[in-house]
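> sequence plus predicted model, see below.
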Amino acid sequence: MAETLTGVIERITFHNLDNGYCVLRVQARGHRDLVTVVGNLSQVIAGEFVEAVGEWQVDRQHGQQFKATELRTTPPHTASGIEKYLGSGLVKGVGPKYAAKIVEVFGERTLEVIDKAPTMLTQVKGIGPKRIELIRESWKQNQAVHKIMTFLQSFGIGTARAVRIYKQYGENAIEQVRQNPYRLSTDIWGVGFRTADELALKLGIPRDSPKRAQAAVRHILSEGSSNGHVGLPEAVVIEQTVALTQIAAERIAEAIEQLRTEDEIVRDTPVKAAGVRMVDDSIEEQPLLYLKPLFMAELGLARSLKVLREGGHPLPEVDMDKALAWVEKKMGIEFAERQREAVRQAVTNKVLVLTGGPGTGKTTIVRAIIDIFAAKNLKVGLCAPTGRAAKRLSESTGREAKTIHRLLEFDAGIGTFKRGKENPLELDLLVVDETSMLDVVLANQLLRAVPPWACLLLVGDRDQLPSVGAGSVLADVIDSGAIAVVRLTEVQRQASSSWIVRAAHAVNNGQEPESAPVGHGDFYFVEADEPEQVIDRIVAMVKARIPAKFGLDPFKDVQVLSPMNKSELGVANLNRVLQEALNPGRGPQNEVMRFGVTFRVGDKVIQMKNNYQREVFNGDIGRVLGIDAIDQLLTAEFDGRVVEYEFSDLDELQLAFTTSIHKSQGSEYPAVVIPLHGQHFIMLQRNLLYTAITRGRKLVAVVGSRKALWRAVNTSDQSRRFSLLKWRLQQPDATATRDANDPTA
């Protein structure tokens with residue numbers, strides 16, 4: 001039989017904002033000790049008065065607890081409850097100390113004062129106008145966010161993004177969401193189509209509504225871009241949208257036409273030009289659908305490459321034999337014939353791709369090319385997609401290298417790059433390292449800013465994983481045959497002694513890598529068949545063995561790279577395990593839990609999306625410097641820059657003791673540890689393992705089963721990314737399309 005329990009929430013043991021599930025410690029009426037209450041609440045704050053309807057149960061692990069089928073909270077009405085309520089971190093600018101001071105002055109009227117007459121807070125010693133404004137704005141936001149949470153919760157929708165919804169739509173958030181809930185999936189990062197669709201259907205939007213069909217088409221194309229596709233075949237889009245929504249194919253086709261009319265998506269069809277061989281026999285004359293920004297990026301990138309490869313070379317006429325002899329003497333080395341060819345090609349071609357695996361001498365050739373340009377007083381710029389890659393490029397060349405975002409001078413005030421077609425970069429040669437990381441959007445932004453007279457040198461390893469974003473820019477440019485390419489294959493003598501280099505090339509050639517003799521190399525395979533064994537060995541390596549033997553810092557120098565996010569040996573679980581091993585909790589003042597992740601001072605973290613305002617980008621790794629519960633701010637350091645995050649934005653961060661191999665692209669670490677197990681079955685592929693191995697500089701340890709290693713080595717990635725970049729580069733005119741609804745095409 002159901003009972004009713006009432007009392008004051010003393011402590012929140014756990015609260016999942018996605019589904020509302022919470023575990024509360026309550027000072028309940030009629031009970032001397034605190035009792036445990038479990039149930040669901042959209043928002044819960046220590047100090048609130050709670051009324052719970054349910055029954056007592058005995059949990060095998062946690063003992064007696066009150067399991068509530070209904071939970072209701074109301075703001076506290078006693079002075080002690082209000083003090084705990086305000087001191088819980090509810091309001092920015094008010095911690096336990098200020099909460100006590102405010103309640104001492106206003107007592108049980110405190111919440112009414114903050115709500116209706118916040119200027120009266122000047123009566124509290126130490127609170128001035130600036131803090132009052134912070135408190136007033138935070139209180140106002142809390143009231144609005146609570147309404148949004150309650151609204152979403154009433155429809156069974158998780159409320160973790162309520163703050164972001166409020167920031168996007170302001171006071172009219174609920175009204176705007178009611179009018180078109182599908183806008184959540186496009187406007188609010190972290191809210192997917194399924195969540196918006198669930199809400200829309202509960203709000204009464206018909207299942208065959210044109211609004212729903214259009215939102216589903218956008219979602220399928222967006223999901224496609226998340227999986228690396230620039231566009232998708234129209235037949236695939238229709239088929240997947242029908243499967244997702246159960247809307248008839250004819251209605252989906254109508255939705256596509258409406259989206260084309262509104263210029264949100266573009267249809268483009270590759271047409272075989274007379275006398276031009278189709279780049280890829282698998283490309284048939286079938287229409288692809290694009291989200292408009294991706295179409296414009298692909299088209300713009302093809303145009304820019306075509307413009308750059310034409311015209312006169314900025315270098316004056318060079319005697320190649322003398323130039324090669326001069327640069328060899330300057331660098332104190334003798335080039336292999338393929339390396340000489342690379343230098344010759346750079347002097348004669350406006351655009352050149354330099355590709356090859358580890359140890360083949362790409363860096364040496366880049367330095368030689370730079371020296372020749374610099375000797376003729378030409379201006380050289382160097383860049384890479386990530387901060388780590390730019391730093392490594394700078395160290396290897398002795399010249400300043402920037403991230404692409406910093407090179408293009410992003411202006412947060414206007415929300416775009418300062419450098420572009422109207423304000424190009426001032427240089428004669430641009431060297432782009434780690435080009436395999438470039439997606440079509442970033443590549444297009446970069447090439448728009450390269451002046452037409454300049455040379456472009458694209459450096460990268462095409463055998464690595466393609467970019468996290470849409471497209472396979474490096475592979476497509478190479479395969480097009482429209483751009484000069486030099487591929488270095490010979491491992492240079494100085495690199496041939498590295499077991500890491502040997503292992504990488506073995507994997508790339510479909511062979512199992514050989515482990516170095518114990519204590520006499522830099523690549524090791526450590527066999528462990530059970531997941532628990534793998535975890536134990538990884539923890540021991542990262543925490544003790546590698547730091548002791550190699551003198552490396554387990555936070556700064558050692559990186560665990562997992563093939564996938566889920567599973568016991570995935571990124572999420574390994575992060576939890578390594579966090580406890582390397583940075584255990586030291587009290588609530590040093591940590592904050594948001595979006596199912598606990599962040600602690602000292603944690604290694606990774607940025608999960610580009611944030612131009614903060615100037616941190618997808619894949620950047622930093623360390624947590626501080627957590628301020630009063631102002632609700634987490635402070636992290638990224639490559640010497642201090643960045644602040646409001647607690648409501650912490651879904652942009654994840655722990656980074658372990659990262660996915662995909663996220664490691666462009667980075668290099670002194671030591672890399674790679675779990676490899678049957679749990680990773682669907683991700684065990686050659687280019688994935690090859691990419692992971694090539695991330696290590698001094699040490700690489702693969703920990704796992706022989707069977708998983710065999711599968712990874714013997715499985716080549718057969719997946720195809722849909723894009724027409726190769727085809728566009730081969731056409732006489734990059735705009736050659738059949739029916740793209742683009743005014744510039």
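That came through, no problem. What you see is a predicted model, and the numbers here were worked out from it, not measured in a lab.

> and stretch 412-431, end to end?
26 Å (CA to CA, to the nearest Å).

> other residues contacting that stretch?
Here stretch 412-431 makes contact (CB atoms under 8 Å, 6 or more residues apart in numbering) with 314, 366, 369-370, 373, 378-383, 393, 405, 407-411, 445, 448-451, 453-457, 459, 612-613, 615. C-beta: built from backbone N, CA, C; applies to glycine.

> report the buried residues of the longest helix seen in the chain.
If you go by DSSP state H, the chain has its longest helix at helix 129-154. For helix 129-154, burial by neighbour count (16 or more other CB atoms under 10 Å) applies to 131-132, 134-136, 138-139, 141-142, 144-146, 148-149, 151-153.

> and what of stretch 640-660?
Going by neighbour count (16+ other CB under 10 Å), the buried part of stretch 640-660 is 643, 645, 647-660.

> show me what contacts the residue nearest to residue 70 when sequence neighbours are not counted?
Distances taken as CB to CB, 6 or more residues apart in numbering put residue 53 closest to residue 70, at 4.1 Å, once the chain neighbours are dropped. Contacts for residue 53 were tallied using CB under 8 Å, 6+ apart; they are 2-5, 68-71.

> buried residues of stretch 64-71, list them for me.
For stretch 64-71, a neighbour-count test (16+ other CB under 10 Å) marks 65-66, 68, 71 as buried.

> between which two of those residues is the distance greatest?
For those, the farthest-apart pair by CB to CB is 65 and 71; their separation is 13.2 Å.

> find residues that contact each of the two.
Common neighbours of residue 65 and residue 71, counting by CB under 8 Å, 6+ apart, are residue 37.

> which SS class is the spatially closest residue to residue 682 that is not a sequence neighbour?
Spatially, and ignoring its direct neighbours in sequence, residue 682 is nearest to residue 564 (7.6 Å; CB to CB, 6+ apart). Local secondary structure at residue 564 is given as coil here, using DSSP: H, G, I helix; E, B strand; the rest coil.

> for residue 564, give me phi and psi.
The phi/psi pair for residue 564 (degrees, to the nearest 10) reads phi -150, psi 170.

> who are the contact partners of it?
Contacts of residue 564 (CB under 8 Å, 6+ apart): 570-571, 660, 680, 682-683.

> of those residues, which belong to helices?
Checked against DSSP H, the contacts of residue 564 include these in helices: residue 571.

> buried among the contacts of residue 564? Make that a PyMOL selection.
With 16+ other CB under 10 Å as the criterion, this PyMOL line picks the buried residues out of those:
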select buried, resi 570+571+660+680+683
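
> in JSON lines: the contacts of residue 564, plus pLDDT.
Shown next, in JSON lines, are the contacts of residue 564 (pLDDT from 0 to 100):
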{"residue": "570", "pLDDT": "93"}
{"residue": "571", "pLDDT": "95"}
{"residue": "660", "pLDDT": "94"}
{"residue": "680", "pLDDT": "77"}
{"residue": "682", "pLDDT": "78"}
{"residue": "683", "pLDDT": "79"}
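
> what's the burial count for residue 376?
12 (other CB atoms under 10 Å).

> now swap in residue 720 and tell me
Neighbours of residue 720 (other CB under 10 Å): 11.

> quick check: it is in a helix.
No: counting by three-state DSSP, residue 720 is not found in a helix; it is coil.

> dihedrals phi and psi, it?
phi -120, psi 140.

> from residue 232, how far out is it?
Here the criterion is CB to CB, to the nearest Å. By it, residue 720 lies 11 Å from residue 232.

> how about the strands of the stretch 151-300 of the chain, start to end?
231-233, 265-268, 288-291 (DSSP state E, counting those that start in this stretch).

> so what are the sheet partners of the last one and their directions?
Strand 288-291 has its sheet partners listed here by DSSP bridges as strand 231-233 (antiparallel), strand 265-268 (antiparallel).

> how about those, which one is nearest residue 517?
Taking the strands paired with strand 288-291 one by one with CB to CB, strand 231-233 is closest: 49.7 Å.

> so which residues make contact with that closest one?
Strand 231-233 is touched from outside by 220-221, 224, 268, 286-290, 294-295, 298, 722-724, with contacts defined as CB under 8 Å, 6+ apart.

> pull up the distance across stretch 153-160, start to finish.
Separation of the first and last residues of stretch 153-160 by CA to CA is 10 Å.

> where do the helices of the stretch 251-400 of the chain begin and end?
292-309, 320-331, 337-348, 362-375, 387-397 (DSSP state H, counting those that start in this stretch).

> quick one: the host helix or strand of residue 645 to helix 387-397, angle?
Here residue 645 is covered by strand 641-646, with elements defined by DSSP states H and E. Strand 641-646 and helix 387-397 are oriented at 180 degrees to each other (axes from the mean of the first three to the mean of the last three CA atoms, to 10 degrees).

> counting contacts, what elements does strand 641-646 pack onto?
Applying 3 or more CB pairs under 8 Å, 6 or more residues apart in numbering; DSSP states H and E, one finds that strand 641-646 contacts strand 633-638.

> burial count for residue 586?
Residue 586: 11 neighbours (other CB under 10 Å).

> surely it meets residue 600?
Yes: between residue 586 and residue 600 there is a contact under CB atoms under 8 Å: 7.5 Å.

> where does the chain have low pLDDT?
Applying pLDDT under 70 to the chain picks out residues 158-159, 272-285, 493-495, 588, 733-745.

> wait, what's in contact with the residue nearest the centre of it?
Central residue of the chain (CA atoms, centre = their mean): residue 608, 3.0 Å from the mean position. Contacts for residue 608 (CB under 8 Å, 6+ apart) come out as 618, 651-654.

> quick check: the farthest pair among the residues you listed?
618 and 651 (13.4 Å).

> and the gap between the residue lying closest to residue 107 once chain neighbours are set aside and residue 7?
Once flanking residues are discounted, residue 107 sits nearest to residue 79: 5.1 Å by CB to CB, 6+ apart. Taking CB to CB as the criterion, residue 79 is separated from residue 7 by 17 Å.
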